[in-house]
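**Student:** Next input, structure requested:
(chains A, B and C)
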Amino acid sequence: MTPIVRRLKTRQQFLKVAGTRQKWVAPGLILQSRRRPAVEPPAPQTPIPIRSPRAEPLDDCIRVGFTVSKKVGNAVARNRARRRLRAAAATLVPQAGRAGHDYVLIGRKETLTRDFSDLMDDLRTALSRVGKKKPAKGQGTPYTKGRGKGIGQA
RNA sequence: CCAGACGGUCGGAUGGCUGCUUCGGGGCCGGUCCGCCGGCACCGGGGAGGAAAGUCCGGGCUCCACGGAAAUCGGGUGCCGGGUAACGCCCGGCGAGGGUGACCUUAGGGAAAGUGCAACAGAAAGCAAACCGCCGGUCCGGCAAGGUGCUUCGGCCCCAUCGCCCGGCCGGUAAGGGUGAAAGGGUGCGGUAAGAGCGCACCGCGCCAAGGGCAACCGCGGCGGCAUUGUAAACCCCACCUGGAGCAAGACCAAGUAGGGACGGCGGGCCUUAGUGCCAGACGGGUUUCCGCGUCGCCGUCCGGGUCGGUCGCGCGAGGCGUUCGGUAACGGGCGUCCCAGAUGAAUGGCCAUCCCCGAGAUUUGGCCUCGGCCUAAUUUCGGGACAGAACCCGGCUUAUAGACCGUCUGGCGUU
RNA sequence: UGGGGCGUAGCCAAGUGGUAAGGCAGCGGUUUUUGAUACCGCCAUUCGCAGGUUCGAUCCCUGCCGCCCCAG
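**Tutor:** Numbers count the residues shown, from 1 in each chain, chains lettered A, B, ... in the order given. Model (predicted):
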């Protein structure tokens, strides 16, 4: 079963994902992830008249957000980076993403120039590796220590 | 052919796979107050720019209850005429400056309304003079020649016409005065004691002015011997323009809270038996005043409460294209034709292939040939193809921009 | 979207029409056995960039570039 994919839209949602400090740095992109806490379905007698779309969803869908900062370039470059990330995520996230998780894809300067197949590989490994290792307690995470060499060997 | 000036156009093309958004169509599902509303997939159509950018001007639109008038505070503009809804924009012309030329640049009103400033240098920096010089006179002083007198023969004293010099006084000058951005016209001739527009010629300047032009302005001719140095992107004066805020404007729907509480201060005057009276007062999106209008106990401090969901606004417009007429042009009128983006963590894409252009390398054909290269054509490999993304909408300005194309014109060289 | 401000040496900064103060840092020297201190000297020429006004511009005007702040 492929879960439903939604978008992250508000600043608060992005900050929540970043607050988990679960990330994977690839040459073409950075992936942050957050597992949403399992929410009990509300009691049926409480009506919940309207629901803001910014509230936490109740099902186990996957939500994805995209961020490209001004460091990447002007508006044209940022748009292009976000579109490439979106195209890669559109095919890979329904396959490799884990249900009930939120993901944030951060664009880098290399997002523009990297071959699209390499970018897909980056996202595929990132989706499988993110959150597997304990983040930053004492001994270094695999990317913070060897980031300089990591680009070349990735 | 080379170099250049001006104006304009485009700003990758085609195809495939796969997405997003919007509009239309019919279908299915759900809801329904039967008007419709929402969702899902399918088919078909549309889907960034010349600057979408910077946000520097001008408008439309919306609200501020905002109706009227003025002031001038503030701000802006600044040769003239035209265009325009309007503009600080555009077109045409004038003046000034630059270029051999095509052409380019130009915030370009007023400096005899007033104020300020002009460092250093320099005699002097703004109103005309002083100073140094030059010239004349004067005689007070000095020197020398000459004369007379005295003498210790070294010289000394006295005198006046002329001569010289220094100093003083009186007067004439503005030619000259290492400067400086700028010094009270320039050059030449005459003239003079020395000089000076003092006189003359040419140039420049100012005033008047026939005539031309809608005007800015040009100016035949005449007059004046020359006067107001510059700076207004210094204050300023003059003329003209000018309410404020901005689509997060604003409107509606849904949901939901509140139509607040505490403390302190002040709550004016007049008439009346009595106010629902009159006068005054405060506030009314940012200067002041007046008229009109609306609202109202007012002011200060503290406490408390609500919101960031949806729909509309939102694209038929000072609209695009073609053609014709008027106009030097900007532009305007007529006719025909077209409907051409509407997102909201924000769509308009992602990937691939072929072609096109440019650069570099390799191989080959032909030519030159100093046997090392150059030119030309073909094949192939690699790399590159700009500036840049609508956010309410228009008109401009400014800035960025690889490359390609078209037209007009100028200068030079060559050929006929 | 609207409004305001800043840019001067490696750093902090004054100056607002007439040759760009000062401090820290740096370099050189004197003093000291050496070091610290103290003293002396040096260090801006595109005052963010490009035009213009003016005799003359860091200053005035115009257009760009970069940064910061405020309101919604």
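
**Student:** what does stretch A:110-119 contact?
**Tutor:** Outside stretch A:110-119, the residues that touch it by CB atoms under 8 Å, 6 or more residues apart in numbering are A:27-29, A:68, A:72-73, A:77, A:80-81, A:84-85, A:87-88, A:122, A:151. Where C-beta positions appear, they are placed from N, C-alpha and C, glycine not excepted.

**Student:** right, is that stretch up against RNA strand B?
**Tutor:** Yes: shown here: stretch A:110-119 in contact with RNA strand B (CB under 7 Å from any atom of the strand) through A:115-116.

**Student:** again with stretch A:70-88
**Tutor:** Yes: judged by CB under 7 Å from any atom of the strand, stretch A:70-88 and RNA strand B are in contact via A:74-76, A:79-80, A:82-84, A:87.

**Student:** top of those by neighbour count?
**Tutor:** Highest neighbour count within the residues of stretch A:70-88 next to RNA strand B, by other CB atoms under 10 Å: residue A:84, with 19 neighbours.

**Student:** which residue sits closest to that residue in space, ignoring its chain neighbours?
**Tutor:** With sequence-adjacent residues excluded and distances taken as CB to CB, 6 or more residues apart in numbering, residue A:84 is closest to residue A:111, at 6.0 Å.

**Student:** in what helix or strand does that neighbour lie?
**Tutor:** Assigned by DSSP states H and E, residue A:111 falls within helix A:110-113.

**Student:** Could you do residue A:34 as well?
**Tutor:** Applying DSSP H and E, one finds residue A:34 within strand A:29-35.
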